[in-house]
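# sequence first, then the predicted structure, then my questions.
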Amino acid sequence: MPSPKPRLRAALATGAALFVLAGAARADEQHFPLQSYRVGPYAAGGTGFFGGFIDYLNLINTRDGGVNGVKLTWSEGETQYEVERGVEVYERLKSRPGIAAWNPLSVGIAYAMIDRITKDKVPLITINHGRTDSTDGRVFPYVFPLLLNPYSETSGIVEYLGSREGGLDKLKGKTIAVLYHGSPYGKETIPIYELLAKKHGFTVEQIEVPHPGNEQQSQWLTIRRLKPDYVVLRGWGVMNPVALKTAQKTGFPANRIVGNVWSNSEEDVIPAGEAAKGYVAITTQASGAEYPVLKDIIKTVYDGNAGNLADKKRIGSVYHNLGIVNGILNVEAVRAAQAKFGQRTLTGDEVRWGFEHLRLDEARVAALGAKGLFHSIAVTCANHEGDGRVTFQQWDGAKWSVVSDWIAPDWATLRPIIEASSATYAKEHGITPRNCAAEEAATHAAATP
Amino acid sequence: MATTSAPLAKAPPRPSARGIGVALLLVIAYGIVPLIGTSYLYEAILTPFLALSLAALGLNLLTGYAGQLSLGSSAFMAVGAYAAFNLSLRLPFLPLPVTIVLAGLVAAFAGLVAGLPALRLRGFYLAVSTLAVQFFVAWLLNRVGWLSNDSPSGIISAPPLVVAGLSFEDARGRYLFSLTVVALLTVLAWRLVTSPTGRNFVAVRDNETAARVIGVKVARTKLLAFALSSFVVGVAGVLWAFAYLRTVEPAGFNLDRSFQILFIVIIGGLGTLRGAFLGAGLIVVLPLLLSRFGAAVLGDGFDSGTLEMCQRIALGILIVAFLIREPAGLSALLDRAARRLRRRS
Amino acid sequence: MNPDLAFLVEVLVGGLLSGVMYALVAIGFVLIYKTSGVLNFAQGAMLLFAALTFVSLTERGVPFAGAFAATLGVMALLGLAIERAVLRPLVNQPPITLFMATLGVAYVIEGAAQLAWGTQVHGLDLGIDDTPIDIAGILVSRFDLFAAAVAGLMVAVLSLFFRYTRTGLAFRAVADDPLAALNTGLRLPRIWAAVWIASGIVALVAGLLWGARLGVQFSLSLVVLKALPVLVLGGFDSILGAIVAGLIVGAVEKLSEVYLGPVIGSGIEGWIAYVAALGFLLLKPSGLFGLRSVERV
């Protein structure tokens, strides 16, 4: 049994540190309330993601003394991935001073918060997930599906399959089966796969797996009869390892299965054992601990016994690295906002401005010690996703290794669909979309005295 | 001495005492809470408490009074919520109260259909068969895009709470809106259980054959119990979706929610109306108290996962201990406490 | 063979083999229900606990046999503890109260399992190669065959136990008529204890087989949902019923998903088994092997 002591000691140490900080002169602080989930069916993802996020915030505090001297603080509320617990935690923590942003990593909780955070004027970060049409910042000023929304993910996977075939035009006549989780999340990309199938001339068969997905014999027998060239796994939780196991049972090769962003972690493949060898999955952030920022975290945070992961073997895992990238994006947004509004505790609305001016090109990413960890991001007022690139990783039975370049999804094709959807939302809710150009001009005018 | 003095008193003291209690509660709920409450109290405690109380009240009509065990309550909540959403979307001219009543009727119809197996099955067989409803409704809502207005994500957001030009949009308004709906339905439920129909329910629960002998139409009574119960549960679903979460996804109405409602009914006391409120109070507030207590004892930075697991264990132990100590529920506990008080005075 | 026919056979065989896995979970319910009249919802949590304990021990270098023996001991103790601490004080309470108590127990076990062993997911390799065997063009899973053999063995052992041992005979007497059994001087508590221990062991076997299929993680406790329609169809009180109903449910589920799914929409596996079981009961209220139709009107 992994002794809980290091974790406990670390927690107490951070607690004590925070206490001392709070007692001393009440320096400027920026707060991150965390609706974490460390128990329940999705605990493995929750501990990794929130662990990575906290580790990065810790690194910034310990190594740099905060962001320009502004300390980063956080508090956790357990949600077990349940929406109403997420709401409870929101209501409980929302009055804390200096909240920078909310990062729930749960589609359901994020949806329940959209109204609330818009009213309270605090950014809501849904990295790699969330409402696709919230990419349109003109209608959703406070929601940021950073790096990748579900539509871009779909397009990224199709682009990758094209590159495996030697060009998108080679997809013509191919058959792709999509195995999706029987939930709103799973169904969200159905029209996009159909659209892209029409555009590129391949056949797509979409098959539903009922929640939780612990039995997939019939779906895979159907796939066996279809004889598709590729199977895309749009899974969640236990559905992923079972899919891989059942694929093996029905003789479908793992290297022709491509997982989406919620089917790409160690937790999804380890339970499948041998059956997962060769399986490929999309990701926005590479795994592994060889990046300078991770080395810093190990040196500064874990060697000081303040690491958040109980099991050090999980450092550099998919969810841990996602948490770290999420930390980088949040911290850099605060930094961007500080450059405009001053080096002090910012309001949520000011941090929102920071997110809308979050521009990290490859050089800046390298300077942050994350070269190769993720590609780049360029968020604007109108584009809250920020044109994140994706890459593909293959499982060799022990670890993920990157097997593709950084691929750019076909944003131009997707944008009109997103705008149509956000326009419907705006109409339903009586929202007048923002005029981004005018806002930009106004801030420039204000900046130049 | 109480026994000798009781016949002398003209008005029996107990009902009036109860009446005073209810009146007092209403005064507090309408008069005092809105003045002193915080947004956290309304949004995180009182509104979900009211919605769950109402759902438990509905299930209690079925399980506590009519003796039919159901594990599919949250499916009827889902039916109510989605019906209300579609009604307000497609018939926007309907006033909100009408929408809510119609949504309740849709849920009642679903309950009627779901109750058909009750004509042939009893006990756990019936309970497990209600699971068919639970999973079928979830599948249907997920499958038929029209029901969620073809929203690509399948998640719907609730319309604003406005009745006759009066907006209930802020936290306090949502609380007052829920309170009013719950109070009205509780009065109706009270009228029901004290009516001949209510007595038929109890007759069917206690002994079906005997009920049939005294002329109760057993099949009709069972189906009626399913329909009425589902009506109330459906309206609870509307409150859950419109007043509390303001967004609905099918996954929110899962089996865990059904169990939660059943827990409330059992812990509160089967076959008592106030049991639903007592039980909901315990189930909603207890985990929050446990987590606050844990956080206070162990500090803010303590690993929230470990804390949560300890809470889960504590909650399980409390439930078991409670069932052992007081199988008849909080309501019986309250009665006993009241008797003791009365004896002392 | 005609490819369509071969496909049908393949689906059918797959369904039957899945059905064995459902029956394996259902048997745990039957044991308890037969003697105590409780639908033990903690069965899923026990399954999770068993698999998690076993896999955590093997990951710490305990050899297979040692880990198995240790887990067996733990599960027997757990079953005994539940019986002592929860069921015995609640004797003579209505079934619904008992049912709720088992839900409370499930909370405790789930919390304790995760507290003790963490929330990580684990792979569980029982050392059975899961590449399919090709029988006349039909793929059959080696692992599923193995699971079916284990389930058969377990049923055989249980049957022998009930037929030829004193405790087994007493068990049957209690199941048939608790009052009469009590009158003849049988010690009910001892039998309850024995049954709870047995159900702990069944949970271990089912937990290992399901754990090898799904990986050992929280969702393992959800497999009980697959067992419930089996119970409705086969009867809560018949081991043979659980096996036969398991086979039927597995086959119906797969056939309808494959052939009915394209017509009314895929993903129907979640509820079709319940509807099928219900439909059958409405036609034949005594169930498959229902000896006593107490709970069915």
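Done, it's in.

# from now on I want contacts and neighbour counts done on CA atoms only, so please keep to that.
Fine.

# look up phi and psi at residue 139.
If you meant another chain, say so; for now it's chain A. The phi and psi values for residue A:139, taken as degrees, to the nearest 10, are phi -100, psi -30.

# the chain in question should be chain C.
Dihedral angles (degrees, to the nearest 10) for residue C:139: phi -80, psi 130.

# and if you look at residue C:126?
Dihedral angles (degrees, to the nearest 10) for residue C:126: phi -90, psi 10.

# for it, which non-adjacent residue is spatially closest?
residue C:212 (6.7 Å; CA to CA, 6 or more residues apart in numbering or on different chains).

# what about residue B:207, how many residues close to it?
Counted with other CA atoms under 10 Å in any protein chain shown, residues neighbouring residue B:207 total 12.

# and it, how far from residue C:93?
From residue B:207 across to residue C:93, the span is 17 Å (CA to CA, to the nearest Å).

# quick check: closest non-adjacent residue to residue B:67.
residue B:205 (4.4 Å).

# just for the chain, where's the confidence low?
I went with chain A, as the question did not name one. A:1-26, A:444-449 (pLDDT under 70).

# wrong one, chain C
Using pLDDT under 70, the flagged stretches of chain C are C:1, C:285-287, C:289-297.

# around chain B, pick out the residues from it.
C:39, C:86, C:89-90, C:93, C:97, C:100-101, C:103-112, C:114-115, C:228-229, C:232, C:265, C:267-268, C:270-272, C:274-275, C:278, C:282, C:285, C:295-297 (CA under 8 Å from any CA of the partner chain).

# how many neighbours does the nearest residue to residue A:239 once chain neighbours are set aside have?
Once flanking residues are discounted, residue A:239 sits nearest to residue A:213: 4.4 Å by CA to CA, 6+ apart. A count of nearby residues for residue A:213, using other CA under 10 Å, gives 25.

# and if you look at residue C:25?
Residue C:25: 31 neighbours (other CA under 10 Å).

# chain A versus that one, what's the distance?
The spacing between residue C:25 and chain A, counted by CA to the nearest CA, to the nearest Å, is 14 Å.

# from memory that residue sits against residue C:221, does it?
No - contact criterion CA atoms under 8 Å: residue C:25 and residue C:221 do not qualify, at 10.4 Å.

# out of the residues of chain C next to chain B, which touch chain A?
C:114, C:267, C:268, C:270.

# among those, which two are most distant?
C:114 and C:268 (31.5 Å; CA to CA).

# burial count for the residue nearest to residue B:67?
Neighbours of residue B:205 (other CA under 10 Å): 19.

# just the pLDDT at it, thanks.
pLDDT for residue B:205: 91.

# the biggest helix by length in chain B packs against which elements?
Scanning chain B for the helix with the most residues, using DSSP state H, yields helix B:273-298. For helix B:273-298, the elements it packs on are helix B:47-60, helix B:171-193, helix B:255-268, helix B:304-325, helix B:330-344, judged by 3 or more CA pairs under 8 Å, 6 or more residues apart in numbering or on different chains; DSSP states H and E.

# and the fourth one with helix B:255-268, angle?
Interaxial angle, helix B:304-325 versus helix B:255-268 (axes from the mean of the first three to the mean of the last three CA atoms, to 10 degrees): 40 degrees.

# what does chain B put close to chain C?
Counting by CA under 8 Å from any CA, the residues of chain B near chain C are B:117, B:119-125, B:128-129, B:131-133, B:135-136, B:139, B:143, B:263, B:266, B:306, B:309-310, B:312-317, B:319-320, B:323-324, B:327.

# contacting residues around residue A:197?
A:203, A:204 (CA atoms under 8 Å, 6 or more residues apart in numbering or on different chains).

# and the gap between it and chain B?
Taking CA to the nearest CA, one finds residue A:197 at 18 Å from chain B.

# do residue C:135 as well
36 Å.

# and that residue, what are its bridge partners?
For residue C:135, the beta-bridge partners are residue C:138 (DSSP bridges).

# tell me which element the closest residue in space to residue A:83 that isn't next to it in sequence falls in.
Leaving aside its sequence neighbours, residue A:83 sits nearest to residue A:109 (CA to CA, 6+ apart; 4.8 Å). Using DSSP states H and E, the element containing residue A:109 is helix A:107-120.

# and that helix, what's buried?
The neighbour-count check on helix A:107-120 (16 or more other CA atoms under 10 Å in any protein chain shown) flags A:107, A:108, A:109, A:110, A:111, A:112, A:113, A:114, A:115, A:117, A:118 as buried.

# who does the next helix or strand after that helix touch, helix- and strand-wise?
Next helix or strand after helix A:107-120 toward the C-terminus (DSSP H and E): strand A:124-125. Applying 3+ CA pairs under 8 Å, 6+ apart, we find strand A:124-125 packed against helix A:107-120, strand A:143-144.

# and the residue of the stretch 151-300 of chain A closest to chain C?
Closest to chain C within the stretch 151-300 of chain A is residue A:271: 3.6 Å, counting by CA to the nearest CA.

# OK, contacts around that residue?
Contacts of residue A:271 by CA under 8 Å, 6+ apart are A:241, C:121, C:122, C:123, C:124, C:212, C:214, C:215, C:216.

# any weak-confidence spans in chain B?
In chain B, residues with pLDDT under 70: B:1-16, B:298-304, B:345.

# the longest helix along chain A near chain C anywhere?
What stands out as the longest helix in chain A, according to DSSP H, is helix A:318-341. No - using CA under 8 Å from any CA, helix A:318-341 never reaches chain C; the gap is at least 12.4 Å.

# got the phi/psi numbers for residue B:195?
phi -90, psi 170.

# how close does it get to residue B:188?
Distance from residue B:195 to residue B:188, by CA to CA: 10 Å.

# could I get the helices and strands packed on strand A:124-125 in a markdown table, plus columns for distance to residue C:131?
A markdown table is the format used below for the helices and strands packed on strand A:124-125 (distance: least, CA to CA, whole Å):
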| stretch | distance to residue C:131 |
| --- | --- |
| helix A:107-120 | 36 |
| strand A:143-144 | 44 |
